[in-house]
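1. Next input, structure requested:
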Amino acid sequence: MSEIVLAGGLVMTVDGPVEADVKVVGENIVEIGRKVGRGDADVLDCSGCWVGPGLVDPHVHLREPGQEWKEDIASGSMAAAAGGFTAVVAMPNTEPAVDSGHIARFVADRGRAVGIVDVFPAGCVTAGREGGRLAHLDELWAAGVRVFTDDGPALFDGGVLRRAMEYLGDLGGVIAQHAEDAGLSGAGQIHEGEVSAALGLMGIPAAAEEVIVARDLAVVRLTGASYHVQHVSTEGTVELVRGAKADGLPATAEVTPHHLSFDHREVLGTDPAFKMYPPLRSPDDVKALRRAVADGTIDCIGTDHAPHAAHEKDVPFEEAPRGVIGLETAVGAVLGAVGLGPEELFDRMSVAPARIARLSDHGHLLERGGPASITVIDPHVEYVVDGFVSRSANSPFLGRSLTGAARHVLLRGRITLRDRKVEA
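-> Numbering: from 1, shown residues only. Predicted coordinates:
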């Protein structure tokens with residue numbers, strides 16, 4: 001049975017951070033302490049690093065089935081491991097959409113076959129993500145799906161949303177919403193403001209996000225179902241979530257690293273790498289997002305990793321698809337934007353997303369006998385983003401300097417990242 005020692009890091013344990021070694025035998029942690037016995041163990045240097053539960057991304061697009069030229073489960077899993085993740089929740093906007101049990105099982109089975117990270121499929125709320133009749137929610141639940149979303153279009157029909165919440169709320173699932181009022185966003189390309197006016201581009205007002213969240217929270221109050229706001233981008237949404245939590249509603253929220261890092265002024269260069277929905281917002285919105293991550297109003301980080309092939313993005317801004325990749329740059333981007341300490345970082349990027357997505361085997365602070373799915377973060381390493389493991393490279397961080405990255409990753413006691421290199 002394999003033995004691994006993670007040596008000399010600051011370890012996030014159930015009793016708080018401690019300077020210690022972590023010894024892993026097989027799939028479990030067997031010892032945490034000063035100078036644990038090493039013998040013939042594989043020793044990973046963790047000096048100067050933070051050692052905690054494997055990172056969890058609640059919002060990725062792996063494109064398989066149907067759009068494998070952008071990314072597939074194998075390449076996306078490798079990108080996730082490179083970024084420090086041990087589990088990801090794959091969005092259902094594939095071709096075909098994940099609206100029935102057999103498609104969900106296909107995604108999960110492919111993830112297991114690749115075996116680099118745990119891949120958990122999210123399921124559609126409506127058939128074909130068309131907003132009408134409900135998807136096969138019973139089949140999806142039986143296939144292990146716990147997060148339900150039509151990610152891309154918002155669930156616009158309040159009656160459909162209510163029926164879904166009543167059904168899934170009884171089971172214990174969570175509905176995640178891409179909050180965007182299609183009528184208000186219209187043909188918008190970027191945030192509605194001085195930059196859209198300067199460029200002569202149609203804008204998307206902050207209200208397009210906020211009115212959907214406000215409506216949804218009223219339905220949450222009616223049904224009591226768990227509700228998760230995807231990729232929050234505005235100060236108004238932050239305040240809606242803050243108020244819902246103060247009222248005791250079961251509402252949670254995520255934000256992307258790129259919405260924490262950039263504002264709409266980056267779009268002045270019309271680089272399609274900065275085209276995403278929701279769009280980059282105002283500097284005041286960015287400040288509000290950062291404060292909300294720091295104080296916990298926004299529960300977690302979701303990268304919204306959205307790969308596109310080079311030929312798809314290498315077009316005029318107005319014609320480019322929305323979306324950017326984010327798995328491999330997430331740690332450095334978040335640390336640069338918010339400056340979280342080790343306990344807060346592992347909470348926002350492991351413990352909270354695992355809890356929200358109902359991933360019982362992930363997000364556990366380290367303890368003897370606990371699962372050996374572990375990420376080691378080097379908060380000091382400096383580097384220029386010059387390439388990706390992902391099949392796609394549509395990143396706003398390409399060519400930029402970041403500080404902080406995953407050094408090592410273990411998935412159930414197997415090394416998937418060693419010294420920042422993926423071990424497939």
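2. Only C-alpha atoms from now on, for both contacts and neighbour counts.
-> Will do.
3. To what extent is the closest residue in space to residue 92 that isn't next to it in sequence buried, counted in neighbours?
-> Excluding the flanking residues, the one nearest residue 92 by Cα to Cα, 6 or more residues apart in numbering is residue 98, at 4.8 Å. Using other Cα atoms under 10 Å, the number of residues around residue 98 comes to 34.
4. ok, now which ones touch residue 98?
-> 92, 104, 121-124, 128 (Cα atoms under 8 Å, 6 or more residues apart in numbering).
5. Give me the buried subset of those residues.
-> Neighbour counting by 16 or more other Cα atoms under 10 Å classes 92, 104, 121-124, 128 among the contacts of residue 98 as buried.
6. was I right about residue 33 contacting residue 11?
-> No - with contact defined as Cα atoms under 8 Å, residue 33 does not reach residue 11; the gap is 9.6 Å.
7. Compare these two (neighbour count), which wins?
-> Using other Cα under 10 Å, the more surrounded residue of residue 33 and residue 11 is residue 11, with 29 against 16.
8. In the record's domain split, what are the boundaries for this structure?
-> Domain assignment for the chain by automatic domain parsing gives 3-50+369-389+398-422, 54-356.
9. export the contacts of residue 98 to a markdown table and tack on pLDDT, distance to residue 271 and secondary structure?
-> Below are the contacts of residue 98 laid out as a markdown table (pLDDT from 0 to 100; distance: Cα to Cα, whole Å; DSSP: H, G, I helix; E, B strand; the rest coil):
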| residue | pLDDT | distance to residue 271 | secondary structure |
| --- | --- | --- | --- |
| 92 | 98 | 27 | coil |
| 104 | 98 | 35 | helix |
| 121 | 98 | 31 | strand |
| 122 | 98 | 31 | coil |
| 123 | 98 | 32 | strand |
| 124 | 98 | 32 | coil |
| 128 | 95 | 32 | helix |
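10. residues touching the spatially most central residue of the chain, list them.
-> Nearest residue to the geometric centre of the chain (Cα atoms, centre = their mean): residue 302, 2.4 Å. By Cα under 8 Å, 6+ apart, residue 302 lies in contact with 57-60, 230-231, 254-257.
11. Any quick PyMOL command for the buried ones out of those?
-> Selecting the buried subset of the contacts of residue 302 in PyMOL, with 16+ other Cα under 10 Å as the burial test, is done by:
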select buried, resi 57+58+59+60+230+231+254+255+256+257
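12. Quick check: neighbours shared by residue 33 and residue 11?
-> Contacts common to residue 33 and residue 11, judged by Cα under 8 Å, 6+ apart, are 19-22.
13. out of those, which are buried?
-> By the neighbour-count criterion of 16+ other Cα under 10 Å, the shared contacts of residue 33 and residue 11 include these buried positions: 19-22.
14. from those residues, which is closest to residue 143?
-> residue 22 (34.6 Å; Cα to Cα).
15. Tell me which residues touch that closest one, please.
-> Under the criterion of Cα under 8 Å, 6+ apart, the contact partners of residue 22 comprise 5-7, 11, 29-33, 36.
16. Please repeat the previous calculation with a cut-off of 6 Å.
-> By Cα atoms under 6 Å, 6 or more residues apart in numbering, the contact list for residue 22 reads 5-6, 31-32.
17. which one of the residues you listed is nearest residue 407?
-> The closest of these, once distances to residue 407 are taken by Cα to Cα, is residue 6, at 11.2 Å.
18. before we move on, back to that, output the contacts of residue 98 as a markdown table; include the columns distance to residue 314.
-> Formatted as a markdown table, the contacts of residue 98 follow (distance: Cα to Cα, whole Å):
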| residue | distance to residue 314 |
| --- | --- |
| 92 | 25 |
| 104 | 32 |
| 121 | 30 |
| 122 | 30 |
| 123 | 31 |
| 124 | 30 |
| 128 | 29 |
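19. hmm, back to that, now go through the contacts of residue 302 and say which are in helices.
-> When DSSP state H defines the helices, the subset of the contacts of residue 302 inside them is residue 257.
20. Of the contacts of residue 302, which belong to strands?
-> 57-60, 254-255 (DSSP state E).
21. What is the end-to-end distance of stretch 302-322?
-> Distance between the two ends of stretch 302-322: 16 Å, counting by Cα to Cα, to the nearest Å.
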